[in-house]
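Peer 1: sequence and predicted model, in that order:
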Amino acid sequence: MKAIRRFTVRPVLPEPLQPLSDLARNLRWSWHTETRELFESADPAGWRATGRDPVRLLGAVSAARLAELAGDRPFLDRLTAAAAGLDTYLHGDHWYQERVGQGAELPAAIGYFSPEFGVTAALPQYSGGLGILAGDHLKAASDLGVPLIGVGLLYRHGYFRQSLSRDGWQQEQYPLLDPNELPVTLLREPDGTPARIALTLPGRRSLRACVWQAQVGRVPLLMLDSDVEENGPAEREVTDRLYGGGSEHRLLQEMLLGIGGVRAVRTYCRLTGHPAPEVFHTNEGHAGFLGLERIGELVATGLGFEASLEAVRAGTVFTTHTPVPAGIDRFDRELVARHFGDDGELPGVPAERVLGLGTETYPGGEPNLFNMAAMGLRLAQRANGVSTLHGAVSRQMFAGLWPGFDPSEVPITSVTNGVHAPTWVAPEMARLGDAERVPDADVWAVRRALREQLVAEVRTRLHASWRQRGAEAAELGWIDGVLDPDVLTIGFARRVPSYKRLTLMLRDRERLTDLLLHPERPVQIVVAGKAHPADDGGKRLVRELVRFADDPRVRHRIVFLPDYGMGMAQKLYPGCDVWLNNPLRPLEACGTSGMKAALNGCLNLSVLDGWWDEWFEPDFGWAIPTADGSAADENRRDELEANALYELIEDRVAPRFYDRGGSGLPDRWIEMVRRTLVSLGPKVLAGRMVREYVERLYAPAAAAHRALDAGTASELAAWKYRTRTLWPYVSVDHVEAVAATGAGGGAGGGGAGGGAELGSTLSLRVSVGLGELRPEDVDVQAVAGRVGSDDTIVDAQTFPLKPAGGPDLDGRWVYEGPLALDRTGPYGYTVRVLPAHPLLATSADLGLVTLPTEATGEGAGVLMR
């Protein structure tokens, strides 16, 4: 029989144990070892049975055990110390407060929006790297004292749980999550009623949501939940599953996240007195509608749309996490149009203005689609990718939004992701202390102990998986011999889109088998990963890997573990010796799993993509060579790169692991572990990442936000309108160059094909037509650098030119300036005119640039020698 109603009976803690409730409800326990150990000691068996979840544990501990603990003085002393530590953590000054005390002008608060957050396995609201990154961002912000407010959705089914059929096909289950059994509390009005957020839908319908709050250390995480009684059946299901449903379902999720999320922040600040955010961070395009809601707020005060847009852009940061257009949400324009305007949301904002923000106006764009990333970039004055390489890929991918500018000048910077060490570093590694001073024997003993823990974890999970696949316990005795704590262990775990190439290792199965079964230098591999429920191609890759791992010849050396999540990852990263990553370059935006492994002394074996392209050194691991020249032939490329992978393991990785020095230890391997911990470790930290966001993006965004009050925003909007209107009349009419110093071989007059010597200077004189614009409205620049065979300038430098006279009778202005020739070889220059205003974040802000025409005259370039 099934219950007709479900509810949660909460335990009544004895008075001395009351602090346990506060400790359980603040997710700092998920990265604070002493607090976790306190809960475990309360009921070790219950701790394991409840999945190491303090909220569930407190609901399961018997009354007798609670009474016993209430009289246990050593336990109470530990509880008092833990509660005092949490209080100090929550209310003391941290890095952010120290920076403010030093005079830094930082935002009063930041709103951080993401469709998923991976904070802990006890709050399963994540699918993969984006969510885990968002969770690490909140934790690091908390540790640093950054006044962040996280905003997301509470999915009643979370993301799917993965299991396998007998033949290895991925199966999905969506367990129902009861918020009353999660570490969250309901945001309530002063009278005790749940706070409500409402959106207007077409046909005079409403989408309502309550707001659940998780406390991530110092950072509140607000999660909107549409499963409330006031909604109809369809509206209640809007927050049913992460990344589930059809196009309209996803649109409603993203409207609730963006528009509803801003309203949730306003409600939270009203109820708690928390400072209102001055900066809003859009973590990927899913939350892009937050900018529209903020425009709507300003329009409602009487400010015009364009001025409101400028004010919103000034305080918005947009982070893109995808290196491929297919990873961007795009909706039918008509679908979006139906949900905005007089019969939908934001009635004060014309629907055509909303649609214009997401239009793919660039070459190759689809005019009938609404692009969430394009909207996110247009609504943000500052944008970034998540590694140096990904920043370059993003500038190329979105260059069409800034026509006339080379990709290198597209205003998208990069902040390389990082990971939260207290979450991902095994306690045994943390207790090692200063890795530079720890004896080799101690390093190796800890590494072996972690490998041994992983072996035990794998056997337990593999047994459970085979039981789910229909095997009888009597068939599974072989699992006791799976993996060996003294064998080189390689890990590979991530989502399973095709570009991550889960099955590249299977390219030559006999060669892989030889590696696994090598008589002197065997290798063992632990694999995990989920394919998207709608991705049958990804599921076929999973089945292919599983079937290979089921082979009795090798099943003790290679395993596939279903249901990859945070709980598994926290054993997998520390227990592996090598972390494998072999995506198609450059399709890995960052790839933080290898960072987590590195913090535990695991060496990386990876294609030079994402973060590894940026920070690889031979001391930290190995770079898999790529066949970029064979990109057009994927089969050939995979063959070449698989062979390179096998050769690295055979010739370099395995020999280094098994080579023993005079002490009987793998001295050279341990030295690589040590260098990884000491030199690479500090780079990959989420604290470094969040400090970069604060100093390079949040602080400038807050300053821009403060500078744009209603009057200033209106003036800037009017200036932009005037500049766009008058820009067609801007022209570069004549360019001439005179050799000012050391000209040597004849740059005189700047004629095409002339020559000049290194160290000489050209004096440029340019005639520019500005129409009705004034010199203060523009920057005139020379752009110079090496040139290729097609005269394209590479490694360009810019040189400002200053007004020297004008206007003449025809309205032309003369600009002059020096051009220093500091490079040898083929060299060239051009001249351009750009809009200029003190409140522009970059010269490319308006996407306007004027270059010389073919008939402009002299100044085609010079040849250095």
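Peer 2: Thanks, I have the structure now. Numbers count the residues shown, from 1 in each chain.

Peer 1: tell me which residues in stretch 104-113 are buried?
Peer 2: If you call a residue buried by 16 or more other C-beta atoms under 10 Å, then stretch 104-113 has these buried ones: 106-107, 109-113. Just so you know, the C-beta spots here come from the backbone N, C-alpha and C atoms, and that holds for glycine as well.

Peer 1: could I get the average pLDDT for it?
Peer 2: Across stretch 104-113, pLDDT averages out at 98.

Peer 1: which SSE is immediately downstream of the biggest helix by length in the chain?
Peer 2: When the chain is parsed with DSSP state H, its longest helix is helix 440-468. Downstream of helix 440-468, the next assigned helix or strand under DSSP states H and E is strand 488-493.

Peer 1: and that following strand, what other elements does it pack with?
Peer 2: strand 523-528, helix 566-575, strand 578-581, helix 654-658 (3 or more C-beta pairs under 8 Å, 6 or more residues apart in numbering; DSSP states H and E).

Peer 1: redo these as TSV? Include distance to residue 303, mean pLDDT and mean neighbour count.
Peer 2: As requested, the helices and strands packed on strand 488-493 are arranged in TSV below (distance: least, C-beta to C-beta, whole Å; pLDDT from 0 to 100; neighbours: other C-beta atoms under 10 Å):
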stretch	distance to residue 303	mean pLDDT	mean neighbour count
strand 523-528	51	98	25
helix 566-575	44	96	22
strand 578-581	48	98	26
helix 654-658	64	98	18
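
Peer 1: out of those, which comes closest to residue 76?
Peer 2: Residue 76 lies closest to helix 566-575 among the helices and strands packed on strand 488-493, at 28.9 Å (C-beta to C-beta).

Peer 1: hmm, back to that, now the longest helix of the chain against strand 488-493, angle please.
Peer 2: Helix 440-468 runs at 50 degrees relative to strand 488-493, counting by axes from the mean of the first three to the mean of the last three C-alpha atoms, to 10 degrees.

Peer 1: could I get the buried residue list for helix 440-468?
Peer 2: Within helix 440-468, judged by 16+ other C-beta under 10 Å, the buried ones are 440, 443-444, 446-447, 449-451, 453-455, 457-459, 461-463, 465-466.

Peer 1: report the inter-axis angle for it versus strand 523-528.
Peer 2: With the same axes, to 10 degrees as the basis, helix 440-468 and strand 523-528 are set at 50 degrees to each other.

Peer 1: residue 496 in helix, strand or coil?
Peer 2: When classified by DSSP: H, G, I helix; E, B strand; the rest coil, residue 496 comes out as coil.

Peer 1: how many neighbours does it have?
Peer 2: Per other C-beta atoms under 10 Å, the neighbour tally for residue 496 reads 25.

Peer 1: quick check: it touching residue 538?
Peer 2: Yes - counting by C-beta atoms under 8 Å, residue 496 touches residue 538, with 4.3 Å between them.

Peer 1: which residues are common contacts for these two?
Peer 2: Contact criterion C-beta atoms under 8 Å, 6 or more residues apart in numbering; residues bridging residue 496 and residue 538 by contacting each: 531-532.

Peer 1: and residue 198, which of the three is it?
Peer 2: Following three-state DSSP, residue 198 is assigned to strand.

Peer 1: and for it, the neighbour number?
Peer 2: For residue 198, the neighbour count with other C-beta under 10 Å is 13.

Peer 1: list the contacts for it?
Peer 2: Residues near residue 198 by C-beta under 8 Å, 6+ apart: 206-209.

Peer 1: what do you get if the cut-off is 6 Å, keeping everything else the same?
Peer 2: When the contact criterion is C-beta atoms under 6 Å, 6 or more residues apart in numbering, the partners of residue 198 are 206, 208.

Peer 1: where does the stretch 301-450 of the chain have low pLDDT?
Peer 2: Nowhere does the stretch 301-450 of the chain drop to pLDDT under 70.

Peer 1: ok, now with 80
Peer 2: The model of the stretch 301-450 of the chain has pLDDT under 80 over residues 326.

Peer 1: what's the answer for the chain, then?
Peer 2: Judged by pLDDT under 80, the chain has its weakly predicted residues at 1-11, 326, 629-632, 739-756, 854-865.

Peer 1: gap between the closest residue to residue 811 other than its chain neighbours and residue 504?
Peer 2: The spatially closest residue to residue 811, leaving aside those adjacent along the chain, is residue 769, at 6.2 Å (C-beta to C-beta, 6 or more residues apart in numbering). Distance, residue 769 to residue 504, using C-beta to C-beta, to the nearest Å: 57 Å.

Peer 1: now residue 58
Peer 2: Using C-beta to C-beta, residue 58 is found at 46 Å from residue 504.

Peer 1: coming back round to it: can you tell which of the helices and strands packed on strand 488-493 is closest to residue 37?
Peer 2: Checking those against residue 37 by C-beta to C-beta gives helix 566-575 as the closest, at 14.9 Å.

Peer 1: show the contacting residues for residue 452.
Peer 2: By C-beta under 6 Å, 6+ apart, the contact list for residue 452 reads residue 485.

Peer 1: I'd guessed residue 645 sits against residue 626; true?
Peer 2: No - look at residue 645 against residue 626 with C-beta atoms under 6 Å: they stay out of range, at 10.7 Å.

Peer 1: show me which of these two is the more surrounded one.
Peer 2: Set side by side, residue 645 and residue 626 show more neighbours around residue 645, with 25 against 20, by other C-beta under 10 Å.

Peer 1: quick check, the more buried one in a helix?
Peer 2: Yes - Residue 645 sits within a helix when classified using three-state DSSP.

Peer 1: which residues touch it?
Peer 2: Residues in contact with residue 645 (C-beta under 6 Å, 6+ apart) are residue 624.

Peer 1: please apply the same query to residue 601.
Peer 2: Residue 601 is in contact with 447, 673, 677, counting by C-beta under 6 Å, 6+ apart.

Peer 1: which residue, other than its chain neighbours, is closest to residue 712?
Peer 2: residue 839 is the one closest to residue 712 (C-beta to C-beta, 6+ apart), at 7.3 Å.

Peer 1: could you dump the contacts of residue 601 into TSV and include distance to residue 63?
Peer 2: Shown next, in TSV, are the contacts of residue 601 (distance: C-beta to C-beta, whole Å):
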residue	distance to residue 63
447	43
673	48
677	46
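
Peer 1: what is the nearest of the residues you listed to residue 229?
Peer 2: Residue 229 lies nearest to residue 677 out of the contacts of residue 601, by C-beta to C-beta, at 53.0 Å.

Peer 1: wait, doesn't that closest one sit right on residue 435?
Peer 2: Yes - the criterion here is C-beta under 6 Å, and residue 677 meets it with residue 435 at 4.0 Å.

Peer 1: so those two - more neighbours on which side?
Peer 2: Between residue 677 and residue 435, counted using other C-beta under 10 Å, the more crowded position is residue 677 (23 against 18).

Peer 1: how close does the more buried one get to residue 603?
Peer 2: Remark: distance between residue 677 and residue 603 (C-beta to C-beta) = 11 Å.

Peer 1: picking that back up, the helices and strands packed on strand 488-493: which one's closest to residue 782?
Peer 2: strand 578-581 (43.0 Å).

Peer 1: after that closest one, next one along is what?
Peer 2: helix 593-598.

Peer 1: what is that following helix packed up against?
Peer 2: In terms of contacts (3 or more C-beta pairs under 6 Å, 6 or more residues apart in numbering; DSSP states H and E), helix 593-598 is packed against strand 578-581.
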